[in-house]
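S.K.: Any chance you could fold what I've pasted below:
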Amino acid sequence: MADVKSDGGGEKEDVESKRERKDSDDSTGPDIVPLKVKIALGIGECTQAIYVFIAGFYLNVFFLETACLDPSYVGTIQLIGGIWDTINDPAIGLLSDRTRTRFGRRRPWLLGASIPAGLAYFAIWQTLDDDTGEGLKLFYYLVCYMSLSAAITAIQVQITSLTPELTSDYDERTALSTYRLAIANVFALICLFIHSSIVQSYDQEEKDVGYRVSASVFAPLIVFTALYAFFNINERWKEEEENDEKMNLCDSLKILFTNKAFIIVELVYLCGLTAVILIQTNLLLYAKYILDDEDAITYMILMVQGVALLALPFWLMFSKKFGKKQMYYLGGTLVGTAVFFLYFLDGKDDMWAAYVISFIAGFCLTVVYLVPYAMLPDVIELDEKKTGKRREGTYAGFFVVFMKTSVTLALASSNWILGAAGYEAPESSCGAETPDLLETQDETVKDVIRLLVGPIPTVLFFLATFFVYLFPITRDSHKEVAKEMKRLRRQRSSKKILKSDAQENTGTELTDVSISSGDLEKDTDEETKRKTSSNTESANDGY
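M.R.: Take a look at the predicted model:
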């Protein structure tokens, strides 16, 4: 893989050497990504995974029971944060596609966002003095939440964009996504276990110290993971493979939102991930108030994530043999059925059933993340066929928006529903004079918690499975699109090279480099006809 060099430098290659390079790059053999790059991409994925794992299980409880925010305020923070994400995520994607530096398009963002991500992560886990007003608390945590969200997005959009850029092979993209998720999940699971051990080692009234210690450990780690990806990934994007036509913002967004395949992938991801976040966000409350054993969450998390990692090779082989859609049919149905039964558990006597459900959910959890991640690159290639542009950043930005939207929907709705049901924070951590008061909730709140981890996620998992059924791209159809895109990229690249060399040879006839204006016009007419044909066929490809 060659590093992107958009600022020039070095001697110009002659036409023949450039043609040979293009032919080599666009060979029809498997487009395999080196192991070193797969590992680097997986470590880059850890930046988001650390935050998602730890915050997913603990941030909501931290806001409610350690920072002592009112549930309605927590929901407001998450709602405003979600609105913020709908602006900054696509903006970062669009800007990333337009970035031109000697490091490439994606890597400068990894470098620039690494330290801000670490600082914002550390800040959000700090508690304010007891006499701090509710309005100031709301403002502080809102700023931290929005800053952390923007920094994580600036990194995650690049990691997501690099997957389709690094390989055009259908199965290799699934393998690359598997490496990303496997490495990130292992790394984040270890971090979650360490975080849980640190926080649980403190009594309820001293939980703020535990969160602060944990933040001081993982903030530098977040910085490291982004920097590791920056230093160990070289981009393969080549500017000369794009056409020169300008595309305004309105046209860009119109094409994106009329891409049927993309909308379906987003709906799959939105439904599946919202279900996961609902369970993840409320699992600690479920263990504490339904199973009557707060410490059980550590073992449930280890069961879910450990089994998920062990199941990755099985799902990868299943996908190669039967396809991505069939993988989701099986995994989505199983996990949706399993979590439904969480509604019926009550007390420590049902702990065995909770572990069985955790095992099944863990076995299928990979599918919820892996399939949309693996489908997205195929969708982006359809867009390139239609526009002639490589817009991985734009699609990744909106993909991350839907991820953030699922988090916002899950967190905000959970907190508002719990608040309406009468949830009260433990008095031992939020100002009671008697720290050993009974910490429990009334039956209405318990029923709401059961619904949030059981039946509601079940419906969402089944909806996601239905949307997978509607996805129009198969292995065979993608193979044809990939072959066509390789040919078009090679043609555009060769034409630009010949034009560039012809312009540099001042005083020399264009025929000296085997090109004429008539040839160029002919090529242009042919490409225009192909684009027209492509636009006509795109309805069958997913538009």
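
S.K.: Using PDB, write out the CA atom coordinates for stretch 319-334.
M.R.: C-alpha atoms of stretch 319-334 as PDB (Å, rounded to 0.1, in the frame of the first residue of the first chain):
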ATOM      1  CA  SER A 319     -20.900 -15.400   6.500                       C
ATOM      2  CA  LYS A 320     -18.500 -16.800   3.900                       C
ATOM      3  CA  LYS A 321     -20.600 -19.900   3.300                       C
ATOM      4  CA  PHE A 322     -24.200 -18.500   3.500                       C
ATOM      5  CA  GLY A 323     -23.900 -14.700   3.300                       C
ATOM      6  CA  LYS A 324     -24.300 -11.600   5.500                       C
ATOM      7  CA  LYS A 325     -28.100 -11.600   5.400                       C
ATOM      8  CA  GLN A 326     -28.500 -15.200   6.400                       C
ATOM      9  CA  MET A 327     -26.100 -14.500   9.300                       C
ATOM     10  CA  TYR A 328     -28.400 -11.800  10.600                       C
ATOM     11  CA  TYR A 329     -31.500 -13.900  10.100                       C
ATOM     12  CA  LEU A 330     -30.100 -16.500  12.600                       C
ATOM     13  CA  GLY A 331     -28.400 -14.200  15.000                       C
ATOM     14  CA  GLY A 332     -31.100 -11.500  15.200                       C
ATOM     15  CA  THR A 333     -33.900 -14.000  15.800                       C
ATOM     16  CA  LEU A 334     -32.000 -15.800  18.500                       C
END
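
S.K.: And the contacts of it?
M.R.: If you take C-beta atoms under 8 Å, 6 or more residues apart in numbering as the criterion, stretch 319-334 is touched by 171, 174, 268, 272, 315, 318, 360, 363-364, 366-368, 370-371, 374-375, 461-462, 464-465, 468-469, 471, 474-475. Glycine gets a C-beta too; all of them are placed from N, C-alpha and C.

S.K.: run the last query once more with 6 Å
M.R.: Identification of contacts with stretch 319-334 by C-beta atoms under 6 Å, 6 or more residues apart in numbering yields D171, T174, W315, F318, C364, V367, V371, A374, F461, A464, T465, V468.

S.K.: And for the second one, the neighbour number?
M.R.: Translated: T174. The local packing of T174 (other C-beta atoms under 10 Å) involves 24 other residues.

S.K.: Y373 is in contact with that one, correct?
M.R.: No: applying C-beta atoms under 6 Å as the test, T174 and Y373 come out as separate, 8.7 Å apart.

S.K.: Next one: I380 from L189, what distance?
M.R.: 29 Å (C-beta to C-beta, to the nearest Å).

S.K.: Give me the next element, helix or strand, following the helix ranked longest in the chain.
M.R.: Of all the segments assigned as helix in the chain under DSSP state H, the longest by residue count is helix 351-387. Beyond helix 351-387 on the C-terminal side, the first helix or strand identified by DSSP states H and E is helix 392-421.

S.K.: Which strands or helices does the helix or strand following that following helix pack on?
M.R.: Of the helices and strands lying after helix 392-421 in sequence (DSSP H and E), the nearest is helix 443-453. Secondary structure elements in contact with helix 443-453, counted by 3 or more C-beta pairs under 6 Å, 6 or more residues apart in numbering; DSSP states H and E, are helix 260-289, helix 392-421.

S.K.: Reformat those helices into JSON lines and put mean pLDDT, mean neighbour count and distance to I155 next to each item.
M.R.: As requested, the helices and strands packed on helix 443-453 are exported to JSON lines (pLDDT from 0 to 100; neighbours: other C-beta atoms under 10 Å; distance: least, C-beta to C-beta, whole Å):
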{"stretch": "helix 260-289", "mean pLDDT": "88", "mean neighbour count": "24", "distance to I155": "18"}
{"stretch": "helix 392-421", "mean pLDDT": "77", "mean neighbour count": "23", "distance to I155": "10"}
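
S.K.: Arrange these in a markdown table, one row each, with distance to K325 as further columns.
M.R.: What follows is the helices and strands packed on helix 443-453, written out as a markdown table (distance: least, C-beta to C-beta, whole Å):
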| stretch | distance to K325 |
| --- | --- |
| helix 260-289 | 10 |
| helix 392-421 | 18 |
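
S.K.: R450: which of the ones you listed is closest?
M.R.: Go through these one by one with C-beta to C-beta and the one that ends up closest to R450 is helix 260-289, at 7.5 Å.

S.K.: next structured bit after the closest one?
M.R.: Counting by DSSP H and E, the element that comes right after helix 260-289 along the chain is helix 296-322.

S.K.: Next, the buried residues of that following helix.
M.R.: 296-298, 300-309, 311-312, 315-316, 318-319 (16 or more other C-beta atoms under 10 Å).

S.K.: same check, this time on stretch 201-210
M.R.: For stretch 201-210, using 16+ other C-beta under 10 Å, the buried residues are Q204, K207, D208, V209, G210.

S.K.: any idea how far the first one is from T66?
M.R.: Read it as Q204. Taking C-beta to C-beta as the criterion, Q204 is separated from T66 by 9 Å.

S.K.: circling back: select, from the contacts of stretch 319-334, the two members most distant in space.
M.R.: Considering C-beta to C-beta, no two members of the contacts of stretch 319-334 lie farther apart than D171 and F461, which are separated by 25.3 Å.

S.K.: Of these two, which one has the most company?
M.R.: For D171 versus F461, neighbours defined as other C-beta under 10 Å are more numerous around F461 (30 against 15).

S.K.: least trustworthy helix or strand in this protein by mean pLDDT?
M.R.: Every helix and strand in the chain was compared by mean pLDDT, DSSP states H and E; the lowest is helix 15-25, with a mean of 44.

S.K.: Run through who's touching stretch 185-205.
M.R.: Residues lying outside stretch 185-205 but in contact with it, judged by C-beta under 6 Å, 6+ apart, are 46, 49-50, 53-54, 209-210, 213-214, 218, 298, 305, 309, 428-429, 435.
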